[in-house]
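S.K.: predicted model and sequence below, questions to follow.
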There are 2 protein chains.
Amino acid sequence: MNAGFRYHGGRLTEACARYGGEAADWMDLSTGINPNAWNAPAGLAVDWRALPNPLALHALELTAAQYFGCALPLCAAVPGSETGIRQIARVLNLPGLYQPLSYGTYSRAFAQADAIADLSTLPRRPTALVIGNPNNPDGRVLPRARLLELLDHQEQHGGWLIVDEAFADCAPDWSISSEVTEERRLIVMRSFGKFFGLAGLRLGFAIAPQRVLGALREAFGDWPVHAAAIAYGAAAYADAGWIAETRRRLVTQAAAVDAVVRRHGLDVSGDCPLFRLVVVSDAAGLFERLAQQHILTRPFEDRSDLLRIGLPPDNAGLQRLDAALGDG
Amino acid sequence: MNAGFRYHGGRLTEACARYGGEAADWMDLSTGINPNAWNAPAGLAVDWRALPNPLALHALELTAAQYFGCALPLCAAVPGSETGIRQIARVLNLPGLYQPLSYGTYSRAFAQADAIADLSTLPRRPTALVIGNPNNPDGRVLPRARLLELLDHQEQHGGWLIVDEAFADCAPDWSISSEVTEERRLIVMRSFGKFFGLAGLRLGFAIAPQRVLGALREAFGDWPVHAAAIAYGAAAYADAGWIAETRRRLVTQAAAVDAVVRRHGLDVSGDCPLFRLVVVSDAAGLFERLAQQHILTRPFEDRSDLLRIGLPPDNAGLQRLDAALGDG
């Protein structure tokens, strides 16, 4: 198996090179990106010629803040939440703390970072604790009360809590965006690309006190995001009908994947419907078997018992997964 | 006059609010962006759904490096050269030095920055000297030999030279991209949006030794630019015919603007054909007069004698400028 597959999902070109086929022959289940993307209305024009309009950027941040349920002045667009987390780490300039099974960028964003398995033993010194909620790849959702306990601990010791809500759009009550205030040491990161299925756009948001947000805006400068990100983001976050329908549909799709996977005797879990985590004794073998049938999934470094599976785009895709799991 | 007009060009929404009209009624000459943009071929598809392909990003950087004439491993794509300069300043972590009449971001990018009018009196301590070449807004082009003298000085005192070549596409022999090596303390910034007329895309490049480039890649993370930036950039930098034709055309267009401006008794100068600098005793008055006729130009803070004028898109635009200058 190519080590690149364990670094990030979405490496379809490498998959074709190793296992054959063209990109169109493959079903890419290696990411947590919604395969049924928000479609831009025909009239939505993107003007690439002019500089991004600062007033349109402000309007995007207003629409997004309303959707997130946070205060407008505490919300800033960033060119992808992955980049945003790295810049937040630079602004805070504290040692990072991340959970062993979590998004790879958490450990790489900080000049110094340590893994912490047990959140009840947080160190009593200033740190920046990053929690994915839902966590990727296991889909664990921490209740609001638990997050606020962690925040209290961090504040008592001069640290910060960063909650990465990249996958939180699936259920609005998972989010603690509304808890961010000028006084608290809480930062929430949001991602546009996963739930709306447009990861190529690179659009994310930081919700943070203004002293942090000001430093972040200085780091990204006067045009933090491009013209299409502004146009698509503003329209999609305001599309309440599509959002409600997608929340319902993702739950149904995830349940259908679970039923298929369990029918083949595998354990599957996770609170977040955008991806499922399969516990299997030989994850590398299962990865390989699915790849031979041009289905790309996501294995993990140092966790040979785990394989993450994203949602197939439709029933045909689900049947294809079913057949591939049954084969061999 | 609104202070925003003196901060950056391209503030057309504010211009409409202050002087009336819709955006379509205005001719925006407030930036140095080519008004005759590169047109994407009809077959150029952008897939917003998938994460940007890392191999396609690598191919973009290869194509761009060939066009810049620099070594491939020393070239990294960034989400706009404005953001890129800010991040380079953070990586170098030195006091900045900038010329008083230059791009506003130079002074804002550094935690500490000083203006230096006379380049023959550079301080004998480690600094990051930023030179626009061509310089914006006066269009001055420093010869290669002079830039290399400045680089020698900076290296002798443990500093760096950053050459911002955002407008250098107009004449390939202006660029010192090929001088960047692992050993020298030279960084060149390039911008896609000006010459190719697609500023809304936010695509730029840093050419730098790998120890700097590595830190920059860490700062921007695994998907530094979006899917359309990769697709458009790779195709446009390889379009040698359009590039050659545009280099010729810009010179003709700039000469035509100069003839019109001089006919109205105004001094105009600059080596860079993407913008012209008018020296006029009452620049605010001229700005106002043109704005009344829905032509937006670029005034400057602390320089009431200067007005920058971009290129009109066509002959009708040139005649409109001519008529507006004659009126009043």
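M.R.: Arrived safely.
S.K.: CA atoms for contacts and neighbours, from now on please.
M.R.: Will do.
S.K.: packing partners of the top strand by length along chain A?
M.R.: Criterion DSSP state E: the longest strand present in chain A is strand A:303-310. Helices and strands in packing contact with strand A:303-310 are listed as strand A:275-279, helix A:283-292, strand A:298-300; criterion 3 or more C-alpha pairs under 8 Å, 6 or more residues apart in numbering or on different chains; DSSP states H and E.
S.K.: what distance separates it from the centre of its chain?
M.R.: Strand A:303-310 sits 16 Å away from the centroid of its parent chain (C-alpha atoms, centre = their mean, to the nearest Å).
S.K.: how about stretch A:8-17?
M.R.: Per C-alpha atoms, centre = their mean, the centroid offset for stretch A:8-17 relative to its chain is 19 Å.
S.K.: so, in contact with chain B or not, that stretch?
M.R.: Yes. Where contact is defined by C-alpha under 8 Å from any C-alpha of the partner chain, part of stretch A:8-17 touches chain B, namely A:Gly10, A:Arg11, A:Thr13.
S.K.: on that earlier part again, closest one to A:Arg217 among the helices and strands packed on strand A:303-310?
M.R.: Evaluated with C-alpha to C-alpha, these place strand A:275-279 nearest to A:Arg217, the distance being 31.8 Å.
S.K.: can you tell me what sits against that closest one?
M.R.: Taking C-alpha atoms under 8 Å, 6 or more residues apart in numbering or on different chains as the criterion, the residues outside strand A:275-279 that touch it are A:31-32, A:137-139, A:254, A:258, A:266-270, A:305-311.
S.K.: only the buried subset of the residues you listed, as a ChimeraX command please.
M.R.: Selection of the buried residues among these in ChimeraX, burial being defined by 16 or more other C-alpha atoms under 10 Å in any protein chain shown:
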select /A:31,32,137,138,139,254,258,268,269,270,306,307,308,309,310,311
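S.K.: what about A:Ala215, how many neighbours?
M.R.: By the measure other C-alpha atoms under 10 Å in any protein chain shown, the count of residues near A:Ala215 is 16.
S.K.: wait, I meant A:Gly4
M.R.: Here the count is done by other C-alpha under 10 Å, and A:Gly4 has 13 residues near it.
S.K.: return the distance of the helix ranked longest in chain A from the chain's centre.
M.R.: Among the elements of type helix in chain A, defined by DSSP state H, the one spanning the most residues is helix A:240-263. Mean-position distance between helix A:240-263 and its chain equals 17 Å (C-alpha atoms, centre = their mean).
S.K.: dump that helix to CSV, keeping only the CA atoms.
M.R.: Taking C-alpha atoms only, helix A:240-263 is exported to CSV below (Å, rounded to 0.1, in the frame of the first residue of the first chain):
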residue,chain,number,x,y,z
ALA,A,240,-32.0,26.5,4.0
GLY,A,241,-34.1,24.0,1.9
TRP,A,242,-31.1,22.2,0.5
ILE,A,243,-29.4,22.2,3.9
ALA,A,244,-32.4,20.6,5.7
GLU,A,245,-32.9,18.1,3.0
THR,A,246,-29.2,17.2,3.0
ARG,A,247,-29.2,16.7,6.7
ARG,A,248,-32.0,14.2,6.4
ARG,A,249,-30.5,12.4,3.4
LEU,A,250,-27.0,12.0,4.9
VAL,A,251,-28.5,10.1,7.9
THR,A,252,-30.4,7.7,5.5
GLN,A,253,-27.3,7.2,3.4
ALA,A,254,-25.1,6.5,6.3
ALA,A,255,-27.6,3.9,7.7
ALA,A,256,-27.6,2.2,4.4
VAL,A,257,-23.8,1.9,4.3
ASP,A,258,-23.8,0.5,7.9
ALA,A,259,-26.4,-2.1,6.9
VAL,A,260,-24.3,-3.2,4.0
VAL,A,261,-21.0,-3.3,5.9
ARG,A,262,-22.6,-5.2,8.9
ARG,A,263,-24.1,-7.7,6.5
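S.K.: so what touches that helix?
M.R.: In this structure, residues lying in contact with helix A:240-263 by C-alpha under 8 Å, 6+ apart are A:38, A:169-171, A:237, A:267-269, A:273-276, A:311, A:318, A:322, A:325.
S.K.: okay, domains of chain A per the record?
M.R.: What the record gives for chain A is the domain set A:3-37+A:241-326, A:54-238, from automatic domain parsing.
S.K.: could those domains be laid out in CSV, adding distance to B:Arg146?
M.R.: Putting the domains of chain A into CSV (distance: least, C-alpha to C-alpha, whole Å) gives the following:
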stretch, distance to B:Arg146
domain A:3-37+A:241-326, 45
domain A:54-238, 30
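S.K.: quickly, which of those domains bottoms out on average pLDDT?
M.R.: Averaging pLDDT over each of the domains of chain A singles out domain A:3-37+A:241-326 as the lowest, with a mean of 94.
S.K.: now, the contacts of helix A:240-263 that are in helices?
M.R.: With DSSP H as the criterion, helices contain A:Tyr237, A:Leu318, A:Asp322, A:Leu325 from among the contacts of helix A:240-263.
S.K.: how many residues are close by the nearest residue to the second one once chain neighbours are set aside?
M.R.: So that's A:Leu318. Closest residue to A:Leu318 apart from its sequence neighbours, by C-alpha to C-alpha, 6 or more residues apart in numbering or on different chains: A:Pro312 at 5.6 Å. By other C-alpha under 10 Å, the residues close to A:Pro312 number 23.
S.K.: could you do A:Arg185 as well?
M.R.: When neighbours are counted by other C-alpha under 10 Å, A:Arg185 registers 21.
S.K.: and A:Gly265, by the same measure?
M.R.: Applying other C-alpha under 10 Å, we find 10 other residues in the vicinity of A:Gly265.
S.K.: quick check: it vs A:Arg289, distance?
M.R.: A:Gly265 sits 16 Å away from A:Arg289 when distances are taken as C-alpha to C-alpha, to the nearest Å.
S.K.: how about A:Asn315?
M.R.: Computed with C-alpha to C-alpha, the distance linking A:Asn315 and A:Arg289 is 21 Å.
S.K.: so these two - more neighbours on which side?
M.R.: Between A:Asn315 and A:Arg289, counted using other C-alpha under 10 Å, the more crowded position is A:Arg289 (17 against 12).
S.K.: and the helix or strand hosting A:Val163, is it in reach of chain B?
M.R.: Using DSSP states H and E, the element containing A:Val163 is strand A:160-164. No. With C-alpha under 8 Å from any C-alpha as the criterion, chain B is not reached by strand A:160-164; the gap is at least 15.9 Å.
S.K.: parallel or antiparallel, list what pairs with that strand.
M.R.: Using DSSP bridges, strand A:160-164 pairs in its sheet with strand A:128-132 (parallel), strand A:186-191 (parallel).
S.K.: let me have the ones you listed in CSV, extended by mean neighbour count.
M.R.: CSV is the format used below for these (neighbours: other C-alpha atoms under 10 Å in any protein chain shown):
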stretch, mean neighbour count
strand A:128-132, 25
strand A:186-191, 27
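S.K.: select, out of the ones you listed, the one closest to B:Pro126.
M.R.: Distances from B:Pro126 to each of the strands paired with strand A:160-164 were compared using C-alpha to C-alpha; the shortest belongs to strand A:128-132, at 32.0 Å.
S.K.: distance from the chain centre to the closest one, please.
M.R.: Using C-alpha atoms, centre = their mean, we find the averaged C-alpha position of strand A:128-132 to lie 13 Å away from the chain's own average C-alpha position.
S.K.: who touches the helix or strand harbouring A:Gly214?
M.R.: Following DSSP H and E, one finds A:Gly214 within helix A:210-220. Around helix A:210-220, the neighbours that count as contacts under C-alpha under 8 Å, 6+ apart are A:73-76, A:78, A:87-88, A:91-92, A:182, A:206-207, A:224, B:83, B:86-87, B:109.
S.K.: now the helices for the stretch 51-200 of chain A?
M.R.: Under the criterion DSSP state H, counting those that start in this stretch, helices of the stretch 51-200 of chain A are mapped to A:54-68, A:81-92, A:105-109, A:144-156.
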